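> Build me a model:
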Amino acid sequence: MPDEESQKERINRELIELLNELRVALPGVQVLFAFLLGLPFTNRFHEVSGTSKALYIVALVTTAIASAFLIAPSVYHRLNFRTPYKEHIVFVANRMAVAGTSCLALAIGTSVYVVTSFLYGSSLGAAVAALVGLLLAWLWFGLPLLRRRHDRPPATSRARSRGAAVRLR
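You can find the predicted model right below:
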């Protein structure tokens, strides 16, 4: 059996994995944000209904917030570079990434509503946005949390393993 990684190696690996995952999400957020920033300057934006305009603002703001949360871990890491707080950085950055992804899901759903309702009406827009929202919720949150719940040992096993860990110290 190969040697297990040390805590320092694990933290370094987790930070690298997290930053690589953010590199995947950020271009999507940036493209969506650029689209939303340009949308009001198009010739037909004045034809968008009041509800769609309100949801456009929701999409724009949640995309900006998603950008902030998804960029923040890199900045947080840079400002705490070579400090002994790397494990804390990974913990905080993970929460920022989840918050950013949640905002991105909302932004995508509302953007889909704005475009679909403009093209085909608010009923179809709502239906398509709901389906997209459900898909994102399931793929991004439901499946991972279900896997996590499935892999969790029973409460009695956790209590025993914690007791064992305390005895090992």
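> Residue 109 reaches residue 132, doesn't it?
Yes. Proximity of residue 109 to residue 132 meets the contact threshold set by CB atoms under 8 Å, at 5.6 Å. Quick note: C-beta positions are derived from backbone N, CA and C, even for glycine.
> thought residue 128 was touching residue 111?
No. Counting by CB under 8 Å, residue 128 stays clear of residue 111, with 11.1 Å between them.
> and residue 109 and residue 132? which has more neighbours close in?
residue 109 (24 against 18; other CB atoms under 10 Å).
> Please say which of residue 128 and residue 111 ends up with more neighbours.
residue 111 (23 against 18).
> quick one: what helix or strand has residue 4 in it?
Using DSSP states H and E, residue 4 sits in no helix or strand.
> Please spell out which residues along the helix ranked longest in the chain are buried.
Secondary structure of the chain per DSSP state H: the longest helix is helix 86-120. Of all the residues in helix 86-120, those buried under the rule 16 or more other CB atoms under 10 Å are 86, 89-90, 92-93, 96-97, 99-118.
> do stretch 23-36 as well
Buried residues in stretch 23-36, counting neighbours by 16+ other CB under 10 Å, are found at 25, 26, 29, 32, 33, 36.
> follow-up on the earlier one: so which elements touch the longest helix of the chain?
Using 3 or more CB pairs under 8 Å, 6 or more residues apart in numbering; DSSP states H and E as the contact test, the elements touching helix 86-120 are helix 7-38, helix 50-79, helix 122-137.
> who wins for proximity to residue 143 among these?
Among the helices and strands packed on helix 86-120, the nearest to residue 143 by CB to CB is helix 122-137 (9.8 Å).
> quick one: that closest one to helix 50-79, angle?
Relative orientation of helix 122-137 versus helix 50-79 (axes from the mean of the first three to the mean of the last three CA atoms, to 10 degrees): 20 degrees.
> what is the orientation angle of the next helix or strand after helix 122-137 with helix 122-137?
As assigned by DSSP H and E, the chain's next helix or strand after helix 122-137 is helix 143-151. Angle, helix 143-151 to helix 122-137, by the same axes, to 10 degrees: 40 degrees.
> what comes up buried for helix 143-151?
Buried-residue list, helix 143-151, by 16+ other CB under 10 Å: empty.
> which outside residues touch that helix?
For helix 143-151, contacts defined as CB atoms under 8 Å, 6 or more residues apart in numbering pick out no residues.
> Check stretch 30-38 too.
So stretch 30-38 is contacted by 56, 59, 60, 63, 64, 67, 104, 107, 108, 111 (CB under 8 Å, 6+ apart).
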